[in-house]
Every structure is written in structure tokens, then in C-alpha cells.
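Visitor: Structure of the sequence below:
(2 chains)
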Amino acid sequence: DSGVTQTPKHLITATGQRVTLRCSPRSGDLSVYWYQQSLDQGLQFLIQYYNGEERAKGNILERFSAQQFPDLHSELNLSSLELGDSALYFCASSARSPDRGSSYNEQFFGPGTRLTVL
Amino acid sequence: AQKITQTQPGMFVQEKEAVTLDCTYDTSDQSYGLFWYKQPSSGEMIFLIYQGSYDEQNATEGRYSLNFQKARKSANLVISASQLGDSAMYFCAMRSLMKTSYDKVIFGPGTSLSVIP
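Guide: You can find the predicted model right below:
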């Protein structure tokens, strides 16, 4: 158990709908990362937050948005869902300092949310 | 553009033998980190090992070691004494440590490793 929790574990919805995925980082971790893993695209980095602020952006679609709340949990909102959005969505957390000179802290991944769009 | 290449979609290794999983990367950043993750069939992502671009020594973590050749831009994972539980997908990833693209992470396509008894 990594200490990162994600809910729900599974989500089935229809095209055009909107869903919210939730992530609680490990206790004390300030950074939260979101990833999408699909069969055709592999594992894609979506976005990272550090202590409530967006730090880095990857291949995140405009239909997707995320935020990190004061209690450090994060939500990933997916709207106008398409069949191609079906994937495993991972959240990861780390204690990493934003200072460039800091040594790396490993990312701890949650169990993922499997989204199926029908 | 940054890119991770893993040229071995699938690998087989005999139990107790060593295996090397290849990873090459492309970046113009001066500062970056490289790491490997394991994803068993159950789906969770398990961190294995990390190498910083300025680290002079190759990283080791138990049975895992990272053969880092900066000039060749390669970061191969070596698993010694393979065990049946090592059967999984293995992903190589890179994180930029440059201020302009801070913390952006990219993953390779993965290598499926099967350990044969």
C-alpha cells in the first residue's frame, strides 16, 4: 500500500458526460501528479500540483482540468467524455521540494481509477 | 522534444539469471532525472530506482541497478537473480529538472518481462 488513495476504483459512464476523479496523497506529501494510461497512448503525464499550485503541464486536453485543495487532495475533472478517454488514471504523490537543486523524491502511485466510456 | 525509447516490447529471462532492459532518452535539458517503474498485472505502479543526470555513480537498489551512460543517453535497468515475481511491465521515465519545464515527466512505452521457471 503506497498510502495514496484514489476514488472511485472503477467508473463507467457515457460519451458526453463529465466525471470527477479524486486523489488523496500520502500524509505530508505536497506534490500530486496525474497520469493517463491507455493501450494506444501508453502512460502519459497530465499535470502536477505542488501545495495547491499548478507546477507542470503535460499532455492534458482542454476538456480536462484539475485542482489541488488546501487539504492537499486533488481532483481531476474530465468533461465531454469521448470513447478514447477510456483509460486507467493514476495519481501519484511525492514530498519533493520545488527547489531545482533538491534531490529527487520518488513518486508514490495510487491504485488508479479505471474509466470506461461507453 | 523529449522522448524515451524502450526498444524491447517483450523480454524473457530464466529464473535466477540477470536481465538488462534497455532505455534511451532524448533531451536537451542539462538537468534531469531518470527512473524505472514496475507495473505487475495487478496494475499498480511501483518505483524501482532513480538516477540524476549529475550523479557520478550508477544507482543501485537491491537487485536493481541502473547502467547510466550519459554520453550515449542511455539508462538501462539491470535486474540480477531474476525471480518469478519480476514478471511485469517495466517503464523507463524522465523528469526535467529545468525551471522552464519543471517536473514535467515522460514515460517510455514499456517492456514486458516474463521470467521463466
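Visitor: Burial check on the closest residue to residue A:11 other than its chain neighbours, number of neighbours?
Guide: Distance criterion CB to CB, 6 or more residues apart in numbering or on different chains; nearest residue to residue A:11, sequence neighbours excluded, is residue A:115 at 4.9 Å. Where you see a C-beta, it was placed from the backbone N, CA and C, and this is true even at glycine. Residues near residue A:115, counting by other CB atoms under 10 Å in any protein chain shown, number 22.
Visitor: Give me the below-cutoff pLDDT ranges for chain B.
Guide: B:99-103 (pLDDT under 70).
Visitor: tell me which parts of it are close to chain A?
Guide: B:31, B:33, B:35, B:37, B:43-47, B:50, B:52, B:91, B:93, B:95, B:97-99, B:101-110 (CB under 8 Å from any CB of the partner chain).
Visitor: Swap in 10 Å and give it another go.
Guide: B:4, B:6, B:31-35, B:37, B:39, B:42-52, B:55, B:89, B:91, B:93, B:95-99, B:101-110 (CB under 10 Å from any CB of the partner chain).
Visitor: Can I have the buried ones of those residues as a PyMOL selection?
Guide: Buried subset of those, written as a PyMOL selection, criterion 16 or more other CB atoms under 10 Å in any protein chain shown:
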select buried, chain B and resi 4+6+32+33+34+35+37+39+44+45+46+47+48+49+50+51+52+55+89+91+93+95+96+97+101+103+104+105+106+107+108+109+110
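Visitor: Contacts only, for residue B:89.
Guide: A:43, B:10, B:37-41, B:43, B:45, B:109-113 (CB atoms under 10 Å, 6 or more residues apart in numbering or on different chains).
Visitor: Show me where the chain has its strands.
Guide: Went with chain A since none was named. A:5-7, A:10-13, A:19-24, A:31-38, A:42-50, A:53-57, A:64-68, A:74-78, A:87-94, A:108-109, A:113-117 (DSSP state E).
Visitor: Chain B was what I was after
Guide: B:3-5, B:10-14, B:19-21, B:24-26, B:32-39, B:46-52, B:60-61, B:64-69, B:74-79, B:88-96, B:105-107, B:111-116.
Visitor: is it possible to export the ones you listed to JSON lines including distance to residue A:6?
Guide: Formatted as JSON lines, the strands of chain B follow (distance: least, CB to CB, whole Å):
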{"stretch": "strand B:3-5", "distance to residue A:6": "25"}
{"stretch": "strand B:10-14", "distance to residue A:6": "29"}
{"stretch": "strand B:19-21", "distance to residue A:6": "27"}
{"stretch": "strand B:24-26", "distance to residue A:6": "28"}
{"stretch": "strand B:32-39", "distance to residue A:6": "15"}
{"stretch": "strand B:46-52", "distance to residue A:6": "16"}
{"stretch": "strand B:60-61", "distance to residue A:6": "26"}
{"stretch": "strand B:64-69", "distance to residue A:6": "26"}
{"stretch": "strand B:74-79", "distance to residue A:6": "27"}
{"stretch": "strand B:88-96", "distance to residue A:6": "19"}
{"stretch": "strand B:105-107", "distance to residue A:6": "18"}
{"stretch": "strand B:111-116", "distance to residue A:6": "24"}
